[in-house]
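> model this:
(chains A and B)
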Amino acid sequence: MDLVITLAKMLAWAVAILGFILVAVLYIIWGLRRVMGAIQSRIGPNRVGPQGLAQTIADAIKLLQKEDVIPEGADRWLFTLAPIIVFVPAYVVYVVMPFGKDVIAKDLNIGILFISAVSSIAVIGIIVAGWSSNNKWSLLGAFRAAAQLVAYEVPMLLALCVPVLFAGTFSMQGIVFAQSGYAFGFIPKWFIFSGWGIPALAFVIYLSAGLAEVNQTPFDIMEAESELVAGFNVEYSGMKFALFFLEEFAASFTISAIAAAVFFGGWNAPLPFLGAQLTGLAGQIVSVFWFLAKAFGMVLLLMWIRSSWPRVRVDQLMNFGWKVMIPAGLVVVLIAGLVVVVG
Amino acid sequence: MKIVSLLREIIYTPVSLCKGLWVTFINFWRRKVTLQYPDERWELPEGYRGVPSLPRDPATGMHRCIACGSCARVCPEQIIRIEHEVGEDKKRKVTSFQIDISRCMFCGLCAEACPTKGLVMSKSYELSCGSREDMIFDLDRLQEIGGVFPEEAKEEKGTEPEAGS
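So this is what the prediction gives:
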């Protein structure tokens, strides 16, 4: 009987998370198009539904109807498998996402390790996609992606070590709990505001590495349109392309949500009177609200960066990754350790 | 010296990145330049050259074409075809006036050449249609597009074409 309940619970979480990802991605895409439009003095999609809210749904339906082309000379099995390999890690990561007070699929005690371990599987999917397409541009894009993702995984992990050091735990909920409470009664004890600014530095490193991880504009060389047509997914169309697209935006929400959780206090309210004392269901709803607000705020920051900064060159990217980001990450971890030990 | 330039770079890089963000932030709040075309329309500037047209004279209710053929001669694309007959009062009368708008480049030379100022560049620019044949505008269509001459244009009637034209 216990097994049945556990299985039912797992299934419910899986469906809920998948639904959440789909809805979130639909509106992140819509938001991105509106925000980028506004920044470029355009309006953006505003025709389908009120304020264009149904635009992405229409686009998704269009993508699903399209012919699913498998190019001649492509490795059919790998070609079909690649989008799934890419999408599954982006999906599984949400298992340890602390959506709110007690609202988490499974609070693993190695939460952050789990996230970084699982999300690095996506690189394999990208290489498989690039190779099986039998196209030189997609292969080049996949090479670049692999080099970039491997290079930026390291500083990202180092940056994530800092909140782990401060909280003393790998568990996502544990890290969020460590950020509850308010200094002087009103300044939230989020890591970004504490620890003599060391977590803030770590956040900058995390943000840069995160941008590289999700291939956002300053570091989007793996799909640099002007050089590589579209990168590793040139040959993909229809459903499979939609899966890659979904993964990209799901990953960018993941990056934002993790940043919100480990640096910006997760589901803790920003001010004590904004729902910190609430308990029970009301407290949970308010905590979910704050978590989503922070996560979507981070998504907005990513969009802003995406439409502002130019793309770096491949060699600049690798230089920056290995010669600046990793040493800086190491130094920040070292200082964070000192700060934790001393005070 | 190298250290100094490196330090300057280290300080300048974040500053310039923030400047870039500021530029886009300001732009975010700016007025949007998009014109939502079928709902909103462009305000046409003075002297806009749309389709050549034959407006009606409010006095006679007719166009002012005297079938002289100046426009057909001056047209660089040779797309104006005029047929006429000589009436009993020995005046030429237009029987057919066709402009193949599909090849028109809206240069306005025909309107400039017209001795009666009867051929006018209208402000109509929405010309999409289903076939090439529909792009050949006849007398009725050109009159329909032209509408009626405004009052002030009436006084110009019969003035000499400008020198050189």
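> how about the helices of the chain, start to end?
Here I'm looking at chain A. A:2-39, A:55-65, A:76-92, A:111-119, A:122-132, A:136-167, A:172-178, A:198-213, A:225-228, A:238-262, A:280-306, A:314-319, A:326-342 (DSSP state H).
> sorry, I should have been clearer: chain B.
B:2-29, B:70-74, B:109-113, B:139-146, B:151-154.
> list the residues that contact residue 90.
Let's take chain A. The neighbours of A:A90, taking Cβ atoms under 8 Å, 6 or more residues apart in numbering or on different chains as the test, are A:I21, A:S119, A:A122, A:L246, A:E247, A:A250, A:A251, A:T254. Using the backbone N, CA and C atoms, a C-beta is placed for each residue, glycine as well.
> what do you get if the cut-off is 7 Å, keeping everything else the same?
A:A122, A:E247, A:A250, A:A251, A:T254 (Cβ atoms under 7 Å, 6 or more residues apart in numbering or on different chains).
> in a markdown table: the residues you listed, plus pLDDT.
Supplementary listing: the contacts of A:A90 in a markdown table, determined by pLDDT from 0 to 100:
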| residue | pLDDT |
| --- | --- |
| A:A122 | 84 |
| A:E247 | 86 |
| A:A250 | 89 |
| A:A251 | 87 |
| A:T254 | 89 |
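> got the contact list for A:W190?
A:W190 makes contact with A:Q179, A:F263, A:F264, A:G265 under the criterion Cβ under 7 Å, 6+ apart.
> circling back: for chain A, find the nearest of the helices of chain B.
Nearest to chain A among the helices of chain B is helix B:2-29 (4.3 Å), distances taken as Cβ to the nearest Cβ.
> and residue 149, how many neighbours does it have?
By default, I'm working from chain A. 21 (other Cβ atoms under 10 Å in any protein chain shown).
> sorry, I should have been clearer: chain B.
Residues within reach of B:F149, counting by other Cβ under 10 Å, total 20.
> find the nearest non-adjacent residue to it, please.
Among residues not flanking B:F149 along the chain, B:P55 sits closest, at 4.9 Å (Cβ to Cβ, 6 or more residues apart in numbering or on different chains).
> re earlier: ok, of the contacts of A:W190, which one's closest to B:S5?
Minimum distance to B:S5 across these is 32.8 Å, recorded for A:F263 (Cβ to Cβ).
> neighbours of the closest one, how many?
So A:F263, with other Cβ under 10 Å, has 26 neighbours.
> please apply the same query to A:F291.
For A:F291, using other Cβ under 10 Å, the count is 25.
> cool, A:Y91 as well?
Using other Cβ under 10 Å, A:Y91 is surrounded by 18 other residues.
> can you tell me which residues contact the nearest residue to A:A60 once chain neighbours are set aside?
Using Cβ to Cβ, 6+ apart and skipping residues adjacent in sequence, the residue nearest A:A60 is A:A242, 6.6 Å away. By Cβ under 7 Å, 6+ apart, the residues touching A:A242 are A:A60, A:L63, A:L64.
> buried among the residues you listed? Make that a ChimeraX selection.
Buried subset of the contacts of A:A242, written as a ChimeraX selection, criterion 16 or more other Cβ atoms under 10 Å in any protein chain shown:
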select /A:60,63
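> closest to A:E72 out of the contacts of A:A242?
A:E72 lies nearest to A:L63 out of the contacts of A:A242, by Cβ to Cβ, at 22.4 Å.
> was I right about that closest one contacting A:G238?
Yes: counting by Cβ atoms under 7 Å, A:G238 is a contact partner of A:L63 at 6.2 Å.
> rewinding a little: columns distance to chain B and pLDDT on top of the contacts of A:W190, output as JSON lines?
Formatted as JSON lines, those follow (distance: Cβ to the nearest Cβ, whole Å; pLDDT from 0 to 100):
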{"residue": "A:Q179", "distance to chain B": "26", "pLDDT": "83"}
{"residue": "A:F263", "distance to chain B": "18", "pLDDT": "88"}
{"residue": "A:F264", "distance to chain B": "19", "pLDDT": "88"}
{"residue": "A:G265", "distance to chain B": "24", "pLDDT": "82"}
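> for A:M303, state which of those is nearest.
Taking Cβ to Cβ as the measure, A:M303 sits nearest to A:F264 out of the contacts of A:W190, at 17.1 Å.
> about what we covered before: could I get the helices of chain B as TSV with distance to chain A?
Below are these laid out as TSV (distance: least, Cβ to the nearest Cβ, whole Å):
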stretch	distance to chain A
helix B:2-29	4
helix B:70-74	41
helix B:109-113	36
helix B:139-146	30
helix B:151-154	38
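> so which of the ones you listed is nearest A:P199?
Once these are compared by Cβ to Cβ, helix B:2-29 is nearest, at 17.8 Å.
> so who does residue 135 touch?
Since you didn't name a chain, this refers to chain A. A:V234, A:E235.
> not quite, I wanted chain B
Going by Cβ under 7 Å, 6+ apart, B:M135 touches B:D100, B:I101, B:S102, B:C129.
> in CSV, list the contacts of A:A90 along with neighbour count and distance to chain B.
Shown next, in CSV, are these (neighbours: other Cβ atoms under 10 Å in any protein chain shown; distance: Cβ to the nearest Cβ, whole Å):
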residue, neighbour count, distance to chain B
A:A122, 22, 27
A:E247, 26, 26
A:A250, 23, 25
A:A251, 23, 22
A:T254, 24, 23
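> where in the stretch 101-250 of chain A is pLDDT low?
A:222-229 (pLDDT under 70).
> nope, chain B is what I meant
Counting by pLDDT under 70, chain B contains low-confidence residues at B:151-165.
> tell me the backbone dihedrals of A:A54, please.
phi -90, psi 0 (degrees, to the nearest 10).
> ok, and the closest non-adjacent residue to it?
In space, A:A54 is closest to A:V48, 4.5 Å off (Cβ to Cβ, 6+ apart).
> report how many residues lie close to residue 136.
Chain wasn't specified; assuming chain A. 12.
> sorry, I should have been clearer: chain B.
Residues lying near B:I136 (other Cβ under 10 Å) number 16.
> if we can go back for a sec, for B:G146, find the nearest of the helices of chain A.
helix A:2-39 (39.3 Å).
> the closest one near chain B anywhere?
Yes: contact between helix A:2-39 and chain B, assessed by Cβ under 7 Å from any Cβ of the partner chain, occurs at A:A38, A:I39.
> what is that helix packed up against?
Under the contact definition 3 or more Cβ pairs under 7 Å, 6 or more residues apart in numbering or on different chains; DSSP states H and E, helix A:2-39 sits against helix A:55-65, helix A:238-262, helix A:280-306, helix B:2-29.
> mean neighbour count, those: which tops it?
Mean neighbour count (mean count of other Cβ atoms under 10 Å in any protein chain shown) peaks for helix A:238-262 among those, with a mean of 23.
> okay, the angle between that helix and helix A:122-132?
The directions of helix A:238-262 and helix A:122-132 differ by 160 degrees, with axes from the mean of the first three to the mean of the last three Cα atoms, to 10 degrees as the criterion.
> burial measure for the residue of the stretch 201-343 of chain A found nearest chain B, as a count.
Taking Cβ to the nearest Cβ, chain B has its nearest neighbour within the stretch 201-343 of chain A at A:S308, 4.3 Å off. Neighbours of A:S308 under the rule other Cβ under 10 Å: 20.
> right, and it touches B:W22 too?
No: in this structure A:S308 lies outside contact range of B:W22 using Cβ under 7 Å: 9.0 Å.
> returning to what we had before: between the contacts of B:M135, which is nearest chain A?
B:C129 (24.4 Å).
> if we ignore the residues flanking it in sequence, what's nearest that closest one?
B:M135 (6.3 Å).
> how about A:L300?
Distances taken as Cβ to Cβ, 6+ apart place A:V35 nearest to A:L300, at 7.0 Å, with adjacent residues excluded.
> can you redo the helices and strands packed on helix A:2-39 as TSV with distance to B:H63?
Shown next, in TSV, are these (distance: least, Cβ to Cβ, whole Å):
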stretch	distance to B:H63
helix A:55-65	48
helix A:238-262	57
helix A:280-306	57
helix B:2-29	50
